[in-house]
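Enquirer: Any chance you could fold what I've pasted below:
(chains A and B)
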Amino acid sequence: MSWVDWSIVGAYLVWVVWDGLRMSRNTAEVEGYFLAGRSLPWWAVGLSVMATQLSAITMTSTTGQGYADGMRFVQFYFGLPVAMIILSVTVVPFFWRARVYTAYEYLERRFDLKTRTLTAALFLISRGLSCSVIVAAPAVILSIVLGWNLTLTVLLIGVPTVIYTMIGGVQAVTWTDVKQMAVIVLGISAAVAVLIVNLPEGVSLGTALHIAGAAGKTKAIDFTFDVRQTYTFWSGLIGGLFLSLSYFGCDQSQVQRYLTARSVDEGRHSLYMSAFVKIPLQAMILLTGVLMFVYFLFHQGPMLFNAAPLAKIEASARADDYHALDAEYSGAYLVRKEAAAALAANDDEVSRAAFIRADGAVRDVRGRAVRLVKDVTGDAAWTDVNYVFPTFVTKHMPIGLIGLIIAAIFAAAMSSIAAELNSLATASVIDVYKRLIRPEASDRHYLSVSKWATAGWGLFACVMAMYAARLGSLIEVVNRYGSYFYGSLLGVFILALGVKRANGHGAFVGLVAGMAAVAYVATTWGVAYLWLNVVGAVVVTTVGLAVSLVSGPARVRD
Amino acid sequence: MPAARQNPADRLADVRQSLPGPLTDRRRRTAVLRVVYAPLMALPTGAKSASDDTAPRVRTFVLIVLVEVVTLASLYWFGVHFS
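Expert: Residues are numbered from 1 along each chain as shown, chains lettered A, B, ... in the order given. Next up is the predicted model:
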């Protein structure tokens, strides 16, 4: 990276901390620190909701998915708009009028302490680990692509975020999220512009998309009904609906966003923003990946975008095999480049068939190279998809824009981490410390504990990130297991809000049964993970209701 | 409601006529938007009064669903057109 790009990244980091501290007001009491005194406008909360969901993993992994699989990942979000409508008439007014700090606090009022404690503990464990993954994933990628020291990269992402989140509370988190969202959109737009400008002479945007379409990258919707396929129209619409209901309705990192809104209506409006914008935004991020695919048709990229295992391969007995594959890849690339140029010049059946054949040959070589890496490293889940976008940015973008996009990746990571640290501190203080350890203390004491809780979770995330980063594919495993809880948590809230006869015993037993059912189905049936949210919610609701009917009448609500 | 207004084309003609000034492209677009938007505006808001900000807005929900349908149709068209 040149000094210009370093300056842009440095200026961004200084600015985000300064701005976060500058925008923090009314943080002298716990309600101001965690809920901004319920005073924020809908558009700021809405952007914060989106920035919290959009992490650096989205920027690197989703663009990589666009490159490798095309647009089909967009189906993941098809249930989101409907989920926002349902949440806006159910949990938003419930939580807002209940004047709670956390979603789990409401569960004690409705059920009992054990249900509140279990759900809060599940949130703290899963979000704590997920927060470390959100720090680790971009740190690993940036350290490999840019040659930075891993520990330094983790600290560069983690320390500024902890500083402004710890001191400024939710006000700092929300107002920096607003600006970070702008940096992210600007960064992605710059990448799209560079990709379009760098199309070869004679290849228009429409032609480029036709070429990508010939390779199957533009197909966004698949109506196949198969519960083993991860991304289809139905898994996105139904499984995605349950996942969105759970994430936006039961996860404190999102619930806390709209609890800061100045009225119920403004809380609703903040969710509507995601309902309108999320699918087009994700489509644009995936399109960036599709355009990168076209870019690398005409500009030779590396055979494998993740260069980390190369040293190990060179030192192994398979080094010659790898070099032979690399030479074969260069040959296959040139054949594909010519086929793509021919297809661009004349889109007929012959040139299309030749391009599909040539693209298949390149994918075959890459597939064998990936298998070789897996054999040598022993990492069965190894992939280089997450490295395509950072490689494109650092090797093929002009000076200045590299800094902007690295800053955008930092912004995406920091906005998610800040919201998660803030919500982890809230649940730790409100659901654990204040409820179970020290119920009677001054507001000043709780505020002080809240700030130290934020710092503590920040330290935990950074230390775990350094550990997780060295475990490679464990990152994927943690992400996947985190999603196992979501459907079951949703089931508890369905019982709380929608089933009058449900009681605390039912909710607790239902939650345990739901998680057990999800673990069983996930490990034995091979069902795609989006459907696990449906399984969890249905089992918790059914078992919870049955146990409630057997165990007696529901507790009278406060 | 007059019989002529039940046909969308007639309604469009009515709205065009109701717009003051010459029929420019911009005014044509305004007329189309008004006809398309009219059924949406006719939906109940769900609010008990003009100052009631607690009731869910049916109009917004319909708009969200409409936008999603249009988005999904566009994505489907994108896949088919550029295949």
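
Enquirer: what's the spacing between the nearest residue to residue A:455 once chain neighbours are set aside and residue A:154?
Expert: Using CB to CB, 6 or more residues apart in numbering or on different chains and skipping residues adjacent in sequence, the residue nearest residue A:455 is residue A:166, 5.0 Å away. No exception for glycine: its C-beta is placed from N, CA and C like everyone else's. Distance check for residue A:166 against residue A:154: by CB to CB, to the nearest Å, it reads 17 Å.

Enquirer: Show me which of the two is the more surrounded one.
Expert: residue A:154 (27 against 22; other CB atoms under 10 Å in any protein chain shown).

Enquirer: pLDDT weak spots in the chain?
Expert: In the absence of a named chain, this looks at chain A. The model of chain A has pLDDT under 70 over residues A:26, A:469-483, A:553-558.

Enquirer: should've been chain B
Expert: B:1-8, B:16, B:19-23, B:33, B:36-56.

Enquirer: Mind doing that once more with 50?
Expert: Applying pLDDT under 50 to chain B picks out residues B:1-2, B:4.

Enquirer: Quick check: residues of it near chain A?
Expert: B:53-54, B:56-57, B:60-61, B:64-65, B:67-68, B:71-72, B:75-76, B:78-79, B:81-83 (CB under 8 Å from any CB of the partner chain).

Enquirer: what residues are up against the closest residue in space to residue B:83 that isn't next to it in sequence?
Expert: In this structure, residue B:83 finds its nearest non-sequential neighbour in residue A:213, 4.5 Å apart by CB to CB, 6+ apart. By CB atoms under 8 Å, 6 or more residues apart in numbering or on different chains, the contact set of residue A:213 is A:219, B:79, B:81-83.

Enquirer: of those residues, closest to residue A:289?
Expert: Lowest distance from residue A:289 to the contacts of residue A:213 (CB to CB) belongs to residue A:219, with 13.7 Å.

Enquirer: Tell me if I'm right that that closest one and residue A:74 touch.
Expert: No: Residue A:219 is beyond contact range of residue A:74, at 10.5 Å (criterion: CB atoms under 8 Å).

Enquirer: quick one: which of those two has more around it?
Expert: residue A:74 (29 against 18).

Enquirer: Settle this for me: the more buried one is touching residue A:279, isn't it.
Expert: Yes: taking CB under 8 Å as the definition, residue A:74 is a contact partner of residue A:279 at 6.5 Å.

Enquirer: what residues are shared contacts of the two?
Expert: Residues touching both residue A:74 and residue A:279 (CB under 8 Å, 6+ apart) are residue B:75.

Enquirer: quick check: longest helix of chain A.
Expert: helix A:150-197 (DSSP state H).

Enquirer: Which strands or helices does that helix pack on?
Expert: Applying 3 or more CB pairs under 8 Å, 6 or more residues apart in numbering or on different chains; DSSP states H and E, we find helix A:150-197 packed against helix A:3-22, helix A:30-35, helix A:42-53, helix A:113-146, helix A:264-298, helix A:388-396, helix A:401-426, helix A:443-469.

Enquirer: and those, which is most packed in?
Expert: helix A:401-426 (a mean of 27; mean count of other CB atoms under 10 Å in any protein chain shown).

Enquirer: Tell me what angle that helix forms with helix A:42-53.
Expert: 100 degrees (axes from the mean of the first three to the mean of the last three CA atoms, to 10 degrees).

Enquirer: What is the distance between helix A:401-426 and the centre of its chain?
Expert: Distance, stretch centre to chain centre, for helix A:401-426: 11 Å (CA atoms, centre = their mean, to the nearest Å).

Enquirer: Could you tell me the angle between that helix and helix A:388-396?
Expert: 150 degrees.

Enquirer: any idea of the angle helix A:401-426 forms with helix A:113-146?
Expert: Going by the same axes, to 10 degrees, helix A:401-426 makes 160 degrees with helix A:113-146.

Enquirer: Next, count neighbours for residue A:440.
Expert: Around residue A:440 there are 6 residues (other CB under 10 Å).
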